[in-house]
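S.K.: mind looking at a prediction? Sequence and model below.
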Amino acid sequence: MPFKGLRTVFYTPSSKDSSITSSSSSSLSSYNRSPMRIRPSTPIHTLSESIIEENMERAKSIITKWDPNSSTFGKVTSLFHESRVEAKEFLKCVRQLQQAMHFYASHNSSSDKLVQAQTLMQVAMKRLEKEFYQILSSNRDHLDPESVSARSSISEDEEAGPEDEIQLAGESISEVEQFSTLAMSDLSSIADCMISFGYGKECVNIYKIIRKSIVDEALYKLGVEHLTSLHIHKMDWEVLETKIKTWLNAVKIAMNSLFHGERIVCDHVFSASDFIRESCFSDITKEGAAHLFQFPETVAKCHKSPEKMFRMLDLYNAIAELWSDIDSIFSFDSTSVVRSQALNSLMRLGDTVRSMLSDFESAIQKDSSKTPINGGALHPLTRYVMNYLCFLADYSGILSDIFANCPLPENSSVPESYFESPNPNDNPLSGLATRMAWIILVLLCKLDGKAELYKDSALAYLFLTNNLEYVVQKVLSSNLRFLLEDHWILKQQSTVKQYAASYVQLGWNKVLSAIPEDPAATTMSLEEAKQCFHNFNSAFEETYRIQSSWVVTDRKLREEIKVSIAKKLVPAYRDLYGTYRDMLRTENDMESVMKFAPDDLGNYLSDLFYGTGAALGSVSSSPSSSPAQSRGKHSRR
């Protein structure tokens, strides 16, 4: 452009205008003193407003694209499934849209742009609400609490290992787990966005409805039922026991997987708000968990017979083992009802177990059977009580808690001579041990009374020997051994030996009395010797006949008693037999006089204590009979 042209752009006043310029000087002076407010004919676009407008246009474009009411594409397609990049951009635009709303609200609250921004925000929230619902619904299987709980455990293990192990573990995660992790991340992003922009209520309602249905469905599949006391009271025990077994399996899965996993999902999705996180988890799980832990309390109220105690202990043990998890998972104030219900069930079960054991003790004391057991064998009461106590000893850990600081009933103290612990304070189970020792003492006292039913004192002692030996053996072969300790066991074993010795003395006294104390030093005439053998034969035959139907149930004890009898009987009879054998050899009726060779006695003794009631066989031993021949004739049948 020529220089002249430039001048037309930069206006210069002519001589014609000089007068105007001159006349205006006074006005200019006046202007400098009182400046005028000049209002531009067009708005001034600041830099920040321009950026806001650009962001709004970008937000309008992407939000409108995914508006299901204005776009068929947006109606049938999932934003987060179609493009995760675009989903992130959508969330970014929503945040920018909020900034625009703040800007217009603070600078020009009546601006059309503010109304437009508000409308777009409502559309965006509707879209995110729809996305939140779609992700939750389509990932029911991928976000089930059990899988989430398992992945959480894996993650905890991974964090503890070296980086290379973490890498390997990460590569081993299945496609389903990866997908679930992405879903949880998307849900968290949407929740954070909706909550921060004041649309948390819609988000929370959707989450509660869907997740509660998942938890309730899982509990139903686990067999958890809401049974009233009336239902349980009318239920056959076999049916109820099946339901107890189902519950024992269900409660472990529910705590270790279902509720644990739901807590993880809830904490992750609503990590931005402690209040919402608590509210969601409480509303989703509280009802189902309370029903779950109400079942043991209801069972404990309805069934209190001692035979049901072991199932009560199973229920108690399950809650006790899970208590730390219960306290941790349901730690919110709003879920305290779950903790209270679990604690109430524990207390009710503990009361029921204590009541059952008292009833069990009373049942022992009230046993009124008056019929002596044939052969002095093991009494059914002994077998029943000891088997019961052995099973109880398997629960010694929880029983020690149940009976902690729970003294024996009044007038039921255990005599120190019966049960002593070197230092009860050193044994954490001393209270339970005392209780077990007391019940055994009640049993033994009852057996003492039943021994009095026998007319034969020897048989009464054999009965006591059998039953106390059984008690000792059951203690030695069970966890009762660790409760009652060696001191108690040794004392009872000593009593068994005393009972056995009393049996031998009373049961064989007549036979042993028929033999002179020192046959070799005793001088008897032929007739006296014949009478001596006659007395012995008669006493032995009668004793054998009577005791052939008697029983010693324990094999080792049986052999020990036989040896004890043989040691007293056979050597003394052998001396008598050897001393007068030659004298009686010439007698025609020698075989009828000396019916038994010394070895015959041992053979006959070997047949005792099986309860067979075998009759004494005829013996044709003669002075010339060899021991081998005698054993052949009278070997055990």
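M.R.: Cool, got the structure.

S.K.: what ranges does the stretch 301-450 of the chain have for its helices?
M.R.: 309-329, 336-366, 380-393, 396-402, 430-451 (DSSP state H, counting those that start in this stretch).

S.K.: where does pLDDT dip in the stretch 101-250 of the chain?
M.R.: Applying pLDDT under 70 to the stretch 101-250 of the chain flags the ranges 109, 142, 144-179.

S.K.: swap in 50 and give it another go.
M.R.: Applying pLDDT under 50 to the stretch 101-250 of the chain picks out residues 154-176.

S.K.: same deal with the chain?
M.R.: Short version for the chain, where the test is pLDDT under 50: 1-45, 154-176, 413-414, 418-426, 428-429, 618-637.

S.K.: how is it divided into domains?
M.R.: According to automatic domain parsing, the chain comprises the domains 47-138, 201-328, 367-507, 514-633.

S.K.: orientation of the helix of greatest length in the chain relative to helix 380-393 in degrees?
M.R.: If you go by DSSP state H, the chain has its longest helix at helix 480-513. With axes from the mean of the first three to the mean of the last three Cα atoms, to 10 degrees applied, the angle from helix 480-513 to helix 380-393 works out at 160 degrees.

S.K.: what's helix 480-513 packed up against?
M.R.: Under the contact criterion of 3 or more Cβ pairs under 8 Å, 6 or more residues apart in numbering; DSSP states H and E, helix 480-513 touches helix 380-393, helix 430-451, helix 457-476, helix 526-547, helix 555-585. Backbone N, C-alpha and C define where each C-beta goes, glycine included.

S.K.: hmm, back to that, of the domains of the chain, which is nearest Ser180?
M.R.: domain 201-328 (9.3 Å; Cβ to Cβ).

S.K.: what's the first-to-last distance across the closest one?
M.R.: 27 Å (Cα to Cα, to the nearest Å).

S.K.: chain center to it, what's the gap?
M.R.: 14 Å (Cα atoms, centre = their mean, to the nearest Å).

S.K.: what does stretch 492-503 give?
M.R.: 42 Å.

S.K.: and for stretch 48-65?
M.R.: 59 Å.

S.K.: hang on, the earlier thing: dump the helices of the stretch 301-450 of the chain to TSV, plus distance to Phe533 and mean neighbour count.
M.R.: What follows is the helices of the stretch 301-450 of the chain, written out as TSV (distance: least, Cβ to Cβ, whole Å; neighbours: other Cβ atoms under 10 Å):
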stretch	distance to Phe533	mean neighbour count
helix 309-329	60	19
helix 336-366	49	18
helix 380-393	41	18
helix 396-402	59	19
helix 430-451	35	19
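
S.K.: tabulate those (TSV), appending distance to Glu202.
M.R.: Formatted as TSV, the helices of the stretch 301-450 of the chain follow (distance: least, Cβ to Cβ, whole Å):
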stretch	distance to Glu202
helix 309-329	27
helix 336-366	27
helix 380-393	56
helix 396-402	48
helix 430-451	57
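
S.K.: and of the ones you listed, who's closest to Glu469?
M.R.: helix 380-393 (10.0 Å).

S.K.: can you tell me what sits against that closest one?
M.R.: 306, 309-310, 313, 360, 364, 367, 369, 399, 436, 439-440, 443, 446-447, 450, 467, 470-471, 474-475, 477-480, 482-483 (Cβ atoms under 8 Å, 6 or more residues apart in numbering).

S.K.: kindly report the same for stretch 493-509.
M.R.: 457-459, 461-462, 464-465, 468-469, 472, 543, 547, 557, 560-561, 564-565, 568-569.

S.K.: rerun at 7 Å
M.R.: Applying Cβ atoms under 7 Å, 6 or more residues apart in numbering, the external contacts of stretch 493-509 come out as 457-458, 461-462, 464-465, 468-469, 472, 543, 547, 561, 564-565, 568-569.

S.K.: how close does Trp66 sit to Lys556?
M.R.: 86 Å (Cβ to Cβ, to the nearest Å).

S.K.: between these two, which one's more packed in?
M.R.: The residue with more neighbours, out of Trp66 and Lys556, is Trp66; 25 against 10, by other Cβ atoms under 10 Å.

S.K.: pretty sure the more buried one contacts Arg127?
M.R.: Yes. If you go by Cβ atoms under 7 Å, Trp66 and Arg127 touch, sitting 5.1 Å apart.

S.K.: what's the overlap in contacts for the two?
M.R.: Residues touching both Trp66 and Arg127 (Cβ under 7 Å, 6+ apart) are Leu79.

S.K.: hmm, back to that, so can I have a markdown table of the domains of the chain showing distance to Val338?
M.R.: Shown next, in a markdown table, are the domains of the chain (distance: least, Cβ to Cβ, whole Å):
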| stretch | distance to Val338 |
| --- | --- |
| domain 47-138 | 24 |
| domain 201-328 | 4 |
| domain 367-507 | 21 |
| domain 514-633 | 52 |
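
S.K.: and those domains: which comes nearest Ser355?
M.R.: domain 201-328 (5.8 Å).

S.K.: excluding sequence neighbours, find me the nearest residue to Arg574.
M.R.: Pro598 (4.1 Å; Cβ to Cβ, 6 or more residues apart in numbering).

S.K.: equivalent analysis for Leu292, please.
M.R.: According to Cβ to Cβ, 6+ apart, the nearest residue to Leu292 is Val224 (5.4 Å).

S.K.: count the residues that sit near that neighbour.
M.R.: Neighbour number of Val224 under other Cβ under 10 Å is 22.

S.K.: how close does it sit to Arg311?
M.R.: 17 Å.

S.K.: can you check Arg140 too?
M.R.: 35 Å.

S.K.: now Leu357
M.R.: Counting by Cβ to Cβ - Leu357 and Arg311 are separated by 14 Å.

S.K.: restricting to C-alpha, output stretch 431-449 in CSV.
M.R.: Output of stretch 431-449 as CSV, limited to C-alpha atoms (Å, rounded to 0.1, in the frame of the first residue of the first chain):
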residue,chain,number,x,y,z
GLY,A,431,-12.1,-75.1,85.5
LEU,A,432,-13.2,-77.4,82.8
ALA,A,433,-11.0,-80.2,84.1
THR,A,434,-12.6,-79.9,87.5
ARG,A,435,-16.0,-80.1,85.9
MET,A,436,-15.1,-83.2,83.9
ALA,A,437,-13.6,-84.8,87.0
TRP,A,438,-16.7,-84.1,89.0
ILE,A,439,-19.0,-85.7,86.4
ILE,A,440,-16.8,-88.8,86.4
LEU,A,441,-16.9,-88.9,90.1
VAL,A,442,-20.7,-88.7,89.9
LEU,A,443,-20.6,-91.7,87.6
LEU,A,444,-18.3,-93.7,89.8
CYS,A,445,-20.4,-93.0,92.9
LYS,A,446,-23.4,-94.3,90.9
LEU,A,447,-21.5,-97.4,89.9
ASP,A,448,-20.6,-98.0,93.6
GLY,A,449,-24.3,-98.2,94.2
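
S.K.: any idea how far that stretch is from the middle of the chain?
M.R.: With Cα atoms, centre = their mean, you get 29 Å for stretch 431-449.

S.K.: same check on stretch 365-379?
M.R.: 39 Å.
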